[in-house]
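Chemist: here is my input; please provide its structure:
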Amino acid sequence: LFEGGGKQGKSLPTDVESAAPERMAQPLPTRPSVAVLPFDNINQDESQATLIKGLSGDIIFALSRLTELFVIDQMSSETYANEAVTVRQAAEDLGVRYIVKGGLERGGDRLRVTVQLIDALEGEHVWSQRYERTIEDLFAVRDDITRRVVAAIGLQIGSGDPSILADNQDISLESWLLMREAAEFANEPSPDNLHRARMILERVVSMEPDLVDVRVWLSVIHRLEVQMGSSEDPAESMRMAWREARKARELGPDHPGPHTALCNLYVMDGDYDQGVAAIKRAVELAPSDAPIVGTGTLTYFYAGDYEAAVKHGRIAMRLMPRSYLHWVMQYTAMALQVLGDMGEAETLYRKILATDASPHWQGRALQQLALVEADRGNDTAARRYIAEALAAVPDLCQSMLRTGMPMRDPTALDPWIETLDRLGLPK
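Modeler: Reported below is the predicted structural model:
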């Protein structure tokens with residue numbers, strides 16, 4: 001089916017400088033670890049950026065579903081998109097053994113994709129392939145790359161895993177590109193962006209109603225519109241969020257997305273046991289998907305299992321060593337704070353402040369640092385943090401803890417609220 005210079009083994013060039021475990025920024029995982037770097041846009045054609053990013057993203061997502069692999073999240077890999085980086089540097093930055101890199105060139109309906117797998121520890125090319133196909137073969141190329149990378153690492157996609165390559169196998173290229181465009185809007189949630197994403201996805205559903213990922217995204221967007229206060233009819237939006245999540249699960253019971261969407265809805269509804277069960281299933285289905293594992297951090301925090309919240313947060317952060325899901329960092333730090341580990345909690349709060357966090361997460365981190373200082377008996381520093389938090393988020397108040405954090409135990413955060421009241425945070 002596929003043409004071009006595919007090779008395997010040590011006959012390939014060995015001009016890669018070896019990475020060293022002792023130089024790695026993160027400890028090397030015990031299971032095979034891999035990062036898929038952004039594919040090069042050979043044409044330097046910005047109109048192909050969504051297609052190229054989507055191709056590498058689909059490969060990462062499929063690999064992240066294999067329990068035998070440790071896969072770096074796309075958000076961290078994408079930090080190299082406009083950066084010249086060597087294989088050794090990327091492996092040491094990300095703490096992985098294997099690097100996948102490649103490029104895509106398009107001319108009309110013709111497509112050329114080159115890809116290679118490199119063992120950074122040995123400094124050896126393990127496998128490479130060049131595909132000369134048409135644009136209609138993009139998904140077949142994607143799945144072949146995934147299979148061959150897994151095989152070259154020495155693993156196999158077993159009989160229980162075929163769905164990782166089949167979640168959207170019948171999707172048209174037009175719908176796939178539209179879904180990717182909508183996801184870009186939804187990943188930067190604002191009322192306008194959520195509305196744009198929803199309009200795009202509803203168009204896709206009208207063309208292809210049985211796509212799992214599209215239904216998942218619609219559920220997420222309906223929920224976020226309620227949470228952000230932009231829904232004109234919150235009750236109807238929540239009904240739609242539930243409907244789309246359940247439809248997604250019906251279409252893809254072994255896809256992690258529907259279970260994650262349902263988890264968030266169960267927690268909002270106060271059904272913590274169902275929420276925990278849903279996120280457990282999602283993590284089983286995608287153990288290296290950082291946002292899914294990170295959702296476990298929130299779920300377990302709200303359910304009152306702070307040890308589990310910290311465990312999931314640490315895994316999620318390890319999967320994205322060069323990017324930041326600030327909500328994962330925040331909830332991991334809060335769980336540590338509840339457990340009495342003020343030192344690690346403080347480190348995470350300061351990391352949030354040192355990165356490009358939104359004013360919301362900066363304010364939340366400053367608020368929690370005030371509680372850390374108050375716990376140490378340093379009320380002067382604590383009140384200074386409260387002032388800085390209010391400068392970042394002028395409407396920050398105590399009620400955000402009570403109403404904005406759906407805890408299983410409604411009294412769980414009372415000690416924090418009492419302290420914040422004493423420090424001058426508005427009610």
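Chemist: tell me the helix or strand right after the least confident helix or strand in the chain by mean pLDDT.
Modeler: None of the helices or strands of the chain scores lower by mean pLDDT, DSSP states H and E than strand 7-8, at a mean of 42. Sequence-wise, the next helix or strand downstream of strand 7-8 (DSSP states H and E) is strand 33-36.
Chemist: hmm, who's touching that next one?
Modeler: Contacts to strand 33-36, defined as C-beta atoms under 8 Å, 6 or more residues apart in numbering, come from residues 56, 59-60, 63, 69-72, 74, 76-77, 90-91, 94-101, 149, 153. Quick note: C-beta positions are derived from backbone N, CA and C, even for glycine.
Chemist: are any of these buried, and which?
Modeler: Neighbour-count burial (16 or more other C-beta atoms under 10 Å) is assigned, among these, to 56, 59-60, 63, 69-72, 74, 76-77, 90-91, 94-101, 149, 153.
Chemist: could you give me the buried positions within the helix or strand hosting Ala140?
Modeler: In this structure, Ala140 sits in helix 138-153 according to DSSP H and E. Under the neighbour-count criterion of 16+ other C-beta under 10 Å, helix 138-153 has 138-139, 141-146, 148-150, 152-153 buried.
Chemist: what sits against the nearest residue to Gly257 once chain neighbours are set aside?
Modeler: Residue nearest to Gly257 in three dimensions, not counting chain neighbours: Val216, with 3.8 Å by C-beta to C-beta, 6 or more residues apart in numbering. Listed by C-beta under 8 Å, 6+ apart, the contact set of Val216 reads Glu244, Ala245, Ala248, His255, Gly257, Pro258, Thr260, Ala261.
Chemist: of those, which is the nearest to Leu371?
Modeler: Nearest to Leu371 among the contacts of Val216: Thr260, at 29.6 Å, using C-beta to C-beta.
Chemist: so which elements touch whatever helix or strand the closest one lives in?
Modeler: Per DSSP H and E: Thr260 is located in helix 256-268. When contacts are defined as 3 or more C-beta pairs under 8 Å, 6 or more residues apart in numbering; DSSP states H and E, helix 256-268 sits against helix 212-227, helix 234-251, helix 272-285, helix 290-303.
Chemist: burial count for the closest residue to Tyr349 other than its chain neighbours?
Modeler: Of all residues not flanking Tyr349 in the chain, Ala365 sits nearest, at 4.3 Å (C-beta to C-beta, 6+ apart). Ala365 has 28 neighbours, counted by other C-beta atoms under 10 Å.
Chemist: got it, and Glu344?
Modeler: For Glu344, using other C-beta under 10 Å, the count is 15.
Chemist: ok now do it, which residues does it touch?
Modeler: Counting by C-beta under 8 Å, 6+ apart, Glu344 has contacts Ala333, Leu336.
Chemist: what pLDDT does it get?
Modeler: Listed pLDDT for Glu344 reads 97.
Chemist: mind listing what's buried in the helix or strand hosting it?
Modeler: Assigned by DSSP H and E, Glu344 belongs to helix 342-354. By neighbour count on 16+ other C-beta under 10 Å, the buried set for helix 342-354 is Met342, Ala345, Glu346, Leu348, Tyr349, Lys351, Ile352.
Chemist: that one: what's the following helix or strand?
Modeler: Downstream of helix 342-354, the next assigned helix or strand under DSSP H and E is helix 359-375.
Chemist: how many degrees apart are the helix or strand that that following helix is followed by and helix 342-354 in direction?
Modeler: Where DSSP H and E defines the elements, the next helix or strand beyond helix 359-375 is helix 379-392. For helix 379-392 against helix 342-354, the angle by axes from the mean of the first three to the mean of the last three C-alpha atoms, to 10 degrees is 30 degrees.
Chemist: following helix 379-392, which helix or strand comes up?
Modeler: Immediately after helix 379-392, counting by DSSP H and E, sits helix 399-404.
Chemist: the helix or strand that comes right after that following helix: how far from the chain's middle?
Modeler: Note on helix 399-404: by DSSP H and E, the next helix or strand toward the C-terminus is helix 414-423. Per C-alpha atoms, centre = their mean, to the nearest Å, the displacement of helix 414-423 from the mean C-alpha position of its chain is 33 Å.
Chemist: can you mark which positions in helix 414-423 are buried?
Modeler: Residues of helix 414-423 classed as buried by neighbour count (16+ other C-beta under 10 Å): Trp416, Ile417, Thr419, Leu420, Leu423.
Chemist: how near is the fourth one to Gln362?
Modeler: Spelled out, it's Leu420. Per C-beta to C-beta, to the nearest Å, Leu420 is found 17 Å from Gln362.
Chemist: same thing with the first one?
Modeler: Summarising the geometry, the distance separating Trp416 from Gln362, computed by C-beta to C-beta, is 18 Å.
Chemist: and for the last one?
Modeler: When C-beta to C-beta is applied, the distance between Leu423 and Gln362 equals 18 Å.
Chemist: give me the low-pLDDT residue ranges for the stretch 151-300 of the chain?
Modeler: Regions of the stretch 151-300 of the chain meeting the criterion pLDDT under 70 cover residues 156-169.
Chemist: ditto for the stretch 1-150 of the chain
Modeler: Scanning the stretch 1-150 of the chain for pLDDT under 70 picks out the ranges 1-15.
Chemist: for stretch 322-341, list the C-alpha coordinates in PDB.
Modeler: Only the C-alpha atoms of stretch 322-341 are listed here, as PDB (Å, rounded to 0.1, in the frame of the first residue of the first chain):
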ATOM      1  CA  ARG A 322       7.400  21.900  29.000                       C
ATOM      2  CA  SER A 323       3.800  23.100  29.200                       C
ATOM      3  CA  TYR A 324       1.400  24.000  31.900                       C
ATOM      4  CA  LEU A 325      -2.200  23.100  32.700                       C
ATOM      5  CA  HIS A 326      -2.500  25.600  35.400                       C
ATOM      6  CA  TRP A 327      -5.700  24.000  36.800                       C
ATOM      7  CA  VAL A 328      -3.800  20.700  37.300                       C
ATOM      8  CA  MET A 329      -1.000  22.500  39.100                       C
ATOM      9  CA  GLN A 330      -3.500  24.500  41.300                       C
ATOM     10  CA  TYR A 331      -5.500  21.500  42.300                       C
ATOM     11  CA  THR A 332      -2.400  19.300  43.000                       C
ATOM     12  CA  ALA A 333      -1.000  22.100  45.100                       C
ATOM     13  CA  MET A 334      -4.300  22.500  47.000                       C
ATOM     14  CA  ALA A 335      -4.400  18.700  47.700                       C
ATOM     15  CA  LEU A 336      -0.900  18.900  49.000                       C
ATOM     16  CA  GLN A 337      -1.900  21.800  51.200                       C
ATOM     17  CA  VAL A 338      -4.800  19.900  52.700                       C
ATOM     18  CA  LEU A 339      -2.400  17.000  53.400                       C
ATOM     19  CA  GLY A 340       0.100  19.400  55.100                       C
ATOM     20  CA  ASP A 341       2.800  19.500  52.500                       C
END
